[in-house]
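Undergrad: sequence first, predicted coordinates after that:
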Amino acid sequence: MDETEKRALDKTRKTSKCSSSESDSLCHGQPDEPVLFPREAPSRVLIVEDDPMTRLIMQEKLRQANFMVCEAEDGLAALSAFQDFSPDIVLMDVLMPRMDGITTCSHLRKLPGGKNVPVIMITGLGDLDSIRSAYEVGATDFITKPIQWLILEQRLHYMVRAGRITRELARSEMRLTEAQRIARLGNWEWDPYENLVFCSQEAGRIYGLEALAGFLPAGELLRCIHPEDRDWLEGLLNAVKDEGKSFSVDHRILLPDGSQKVVHNQAEGFRARDGRCARVRGTIQDVTERKHAEEKILYLAHHDTLTGLPNRLLLKEQLAQTLARAKRFETMGALLFIDLDCFKRINDTLGHDMGDRLLQHVAERVTLSVRKGDSVSRGFAEGEDSTVARLGGDEFTVLLSDIRHVEDAGRVARRILDALARPFHLELSEVFIGASIGITVFPHDGEDVDILLRNADTAMYHAKDQGRNNYQFYTRSLHDRALYQLSLENAMRRALEKDEFFLCYQPQWDISTGEIVGVEALMRWHSEEMGPIPPSDFIPVAEESGLIMPMGEWVLREACRECRSWQNLWHKPLRVSVNLSRRQFKSDRLPETVGSVLEEVGLDPTLLELELTESVVMDHTEETLSMLKKLKSMGITLSIDDFGTGYSSLSYLKSLPIDILKIDGSFVRDIPSSENDMAITSAIIAMARSLKLCSVAEGVETDEQLDFLRKCQCIAMQGFLCCPPVSGEKLRDLLQKHRKS
Ligand code: C2E
Ligand code: MG
Ligand code: MG
């Protein structure tokens, strides 16, 4: 190196080493030179070249072309200069001591900001291996020696600009990702033909996917959707694709840990020139927190803060729904209006805090006393659902949906009064409080929410007038009816002890021979207090209260005992049929009870027939089938009573071990005036015949009816025409008389 070169190198060292400043005249383009690119802030070039002479020349040339230059004599120096100087572009020699250009380039790419800076490698002409390796480690381009300065200059300007755009793009992408993360908003794109979905990073995060962004099969994404929303969402996507319908919906996402998110998802389709939907693009936003907040607001708007019970607003909504359901399905419901008696006294004497505490305890007791679990265990049959609400102050309501009997509402009211009658312990005080309850039954009493609330309120005032601490129905007749049912229940308990029940027997006749083939045992009750009470009144009450169990066992024993005594009065074995209630049939102990009664009385099991109603037998449960089979295996005859009033499935009927179908009297009653009933009756008889079952018609009162039944080849009948239900004694006389004749 001669003196001139050395001086040049020194000069370079002084001006470079990443120290070029914008005030340096060499950093600016020369005014009289042609300017191909518009003037802007000088671009920064890092020259990495071990040969001082080449470095010097490069530096001079580039400064003249309006670049700001920094130089490094090898790879290591370049890496440190890169971080200090932040170049827009790097010109790097391939062959250098200490660290060559290829290695330097690969390190540089990993430095902060090094990913997108253009790196141009300087290679010897024909050094293909270096060029290949340079590209592999991320070099942007290469130039060969000897360098064409004018071309290099233009190329550098061009690459700097491209590099800036790339970096700007990367920055804006990063800003978008950040914005999406903050807004919890992601975007996705579905290619319906490849069936691939692209997810932005945030969309991937929202879906709970492991690989956060990129393309994935559509099925994989759909699997993240909550199973209950999946088909629906898939339908919406297909509608975007096929019909161009956009959507904007909320749905749930099921995360791998089992938790759920609510997202707002909206999408539009984009068509290709041929009209096909080429892409469906959408955004997805995590709105779980917003939903929770909305739910909380909704909850607060619908609930009472003191007790946590539904408030008046929610009660009215629920009442409207229950009322609509009752009208539609022809069921019955009730609204109980509870007002505490003399609550003001508590507030005045113990203070409002204590008053509030008492209201919380009352809310708890009322809720517990109408809870479904409890009511089932106590054998009550009131509404499937009950909702307690607080209207304000000391006013509460209980909404009962789907009650079977009016008196069920009375029973619930009684239970609430009993629950409130126990003392409340508030700190050291023991407080007693009663309540007056008004009951309105719907749709009987009204078909409007406000009217029902007013009815219940009126009834509650009536209860107050009646001396407080009691309940009253809005309608007098319902009140009387409920009272009657409850008094029946009480009287029935005593009737069992006082032997007030007895049995009547109604013979069944073979229609073709006119012979008595069996006898149905029917329960009768003559109450000392209330006079004769029909089975249609007391059997349902006995069933509801559970009293049917001891009563039913008594009927079974009594009927079997009588039947045993008839056998020598009649020339053929005579069967007795006993009606079984649902509760008896559902009891596991039934076969055991029947078996022990038969043994005790000494009756042949084939002489006993058990009558079951259609709804009990047709419940399609395993238990029913196994119970029927057990009874059948004991040799007992089984019949379906009141056939035609339920909804029997013919195919199911076929699978049951049943012997007899008893055609309900309501079909026989209007024969021959009702063609409909005639058609039904003849169809039932034909069906019984085809299933090889015996048909028995009930309630036969006229000769025309009997003629019709005979024509239809009905096997047997019972009814007032031949004989009404009679006492055991009368039946004996009848049997003897018939035997003689
Ligand atoms: P069911 O088993 O269908 O009994 C036939 C009913 O029809 C009896 O009513 C009988 O008196 C009546 N009847 C008979 N012939 C005629 C007629 O020609 N015309 C009319 N209109 N009616 C006739 P009853 O005795 O009032 O019993 C009513 C229902 O009470 C019975 O209907 C049965 O479901 C139930 N029942 C009666 N006794 C018992 C019992 O011991 N246990 C159970 N679980 N239920 C019973
Ligand atoms: Mg019967
Ligand atoms: Mg019947």
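TA: Yep, it's here. Ligands and ions are numbered 1, 2, ... in the order given.
Undergrad: when you work out contacts or count neighbours from here on, use the C-alpha atoms and nothing else.
TA: OK.
Undergrad: count of neighbours near A41?
TA: 12 (other C-alpha atoms under 10 Å).
Undergrad: again with P724
TA: 15.
Undergrad: who's in contact with it?
TA: Shown in contact with P724 (C-alpha atoms under 8 Å, 6 or more residues apart in numbering): Q506.
Undergrad: roughly how far apart are it and L706?
TA: Computed as C-alpha to C-alpha, to the nearest Å, the P724 to L706 distance reads 15 Å.
Undergrad: also K316?
TA: According to C-alpha to C-alpha, K316 and L706 sit 55 Å apart.
Undergrad: who's more crowded, these two?
TA: The neighbour comparison of K316 against L706 (other C-alpha under 10 Å) goes to L706, with 21 against 16.
Undergrad: before we move on, what SS does the more buried one have?
TA: Three-state assignment for L706 (DSSP: H, G, I helix; E, B strand; the rest coil): helix.
Undergrad: correct me if wrong: it contacts E698.
TA: No. Using C-alpha atoms under 8 Å, L706 is not in contact with E698, being 10.7 Å away.
Undergrad: pLDDT averaged over stretch 310-317 - what is it?
TA: On average, the pLDDT along stretch 310-317 is 94.
Undergrad: try stretch 587-599
TA: Stretch 587-599 comes out at a mean pLDDT of 95.
Undergrad: can I get it as PDB, trimmed to CA atoms?
TA: Only the C-alpha atoms of stretch 587-599 are listed here, as PDB (Å, rounded to 0.1, in the frame of the first residue of the first chain):
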ATOM      1  CA  SER A 587     -94.200 -50.200  43.900                       C
ATOM      2  CA  ASP A 588     -91.500 -52.900  43.800                       C
ATOM      3  CA  ARG A 589     -93.300 -54.700  46.500                       C
ATOM      4  CA  LEU A 590     -96.400 -55.400  44.300                       C
ATOM      5  CA  PRO A 591     -95.600 -59.000  43.200                       C
ATOM      6  CA  GLU A 592     -94.700 -59.900  46.800                       C
ATOM      7  CA  THR A 593     -97.900 -58.400  48.200                       C
ATOM      8  CA  VAL A 594    -100.100 -60.100  45.500                       C
ATOM      9  CA  GLY A 595     -98.300 -63.400  46.100                       C
ATOM     10  CA  SER A 596     -98.800 -63.300  49.800                       C
ATOM     11  CA  VAL A 597    -102.500 -62.300  49.600                       C
ATOM     12  CA  LEU A 598    -103.200 -65.200  47.100                       C
ATOM     13  CA  GLU A 599    -101.400 -67.600  49.400                       C
END
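Undergrad: which residues touch that stretch?
TA: Outside stretch 587-599, the residues that reach it (C-alpha under 8 Å, 6+ apart) are E553, L556, R557, C560, Q584, D604, P605, M627, K630, L631, M634.
Undergrad: I'd like the next helix or strand past the lengthiest helix in the chain.
TA: If you go by DSSP state H, the chain has its longest helix at helix 149-183. Sequence-wise, the next helix or strand downstream of helix 149-183 (DSSP states H and E) is strand 185-191.
Undergrad: that following strand pairs with which strands, and in what direction?
TA: Strand 185-191 has the following strand partners under DSSP bridges: strand 196-199 (antiparallel), strand 277-286 (antiparallel).
Undergrad: give me the buried positions along the shortest one.
TA: Spelled out, that is strand 196-199. L196, V197, F198, C199 (16 or more other C-alpha atoms under 10 Å).
Undergrad: reformat these as JSON lines; add distance to D385 and pLDDT.
TA: Converted to JSON lines, the buried residues of strand 196-199 look like this (distance: C-alpha to C-alpha, whole Å; pLDDT from 0 to 100):
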{"residue": "L196", "distance to D385": "48", "pLDDT": "92"}
{"residue": "V197", "distance to D385": "46", "pLDDT": "92"}
{"residue": "F198", "distance to D385": "48", "pLDDT": "92"}
{"residue": "C199", "distance to D385": "46", "pLDDT": "90"}
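Undergrad: can you tell me how far L483 is from ligand 3?
TA: Computed as C-alpha to the ion, to the nearest Å, the L483 to ligand 3 distance reads 28 Å.
Undergrad: right, and that residue touches E407 too?
TA: Yes. The criterion here is C-alpha under 8 Å, and L483 meets it with E407 at 7.3 Å.
Undergrad: which one of the two is surrounded by more residues?
TA: Neighbours per residue (other C-alpha under 10 Å) separate L483 from E407, with E407 holding more: 23 against 16.
Undergrad: could you check the pLDDT of the more buried one?
TA: With respect to pLDDT, E407 has a value of 86.
Undergrad: got it, and H738?
TA: For H738, the predicted pLDDT is 79.
Undergrad: which strands and helices sit next to the helix or strand hosting it?
TA: Element membership for H738, per DSSP H and E: helix 728-740. Applying 3 or more C-alpha pairs under 8 Å, 6 or more residues apart in numbering; DSSP states H and E, we find helix 728-740 packed against strand 501-510.
Undergrad: right, and the helix or strand after the strand it packs on?
TA: Counting by DSSP H and E, the element that comes right after strand 501-510 along the chain is strand 516-527.
Undergrad: and that following strand with helix 728-740, angle?
TA: 160 degrees (axes from the mean of the first three to the mean of the last three C-alpha atoms, to 10 degrees).
Undergrad: this protein against ligand 1: which residues are in contact?
TA: 522-523, 534-536, 552, 555, 579-581, 642, 699-701, 719-720, 724-725 (C-alpha under 6 Å from any ligand atom).
Undergrad: switch to 5 Å and redo it
TA: L522, M523, P535, N579, L580, S581, G699, V700, E701, G719, F720 (C-alpha under 5 Å from any ligand atom).
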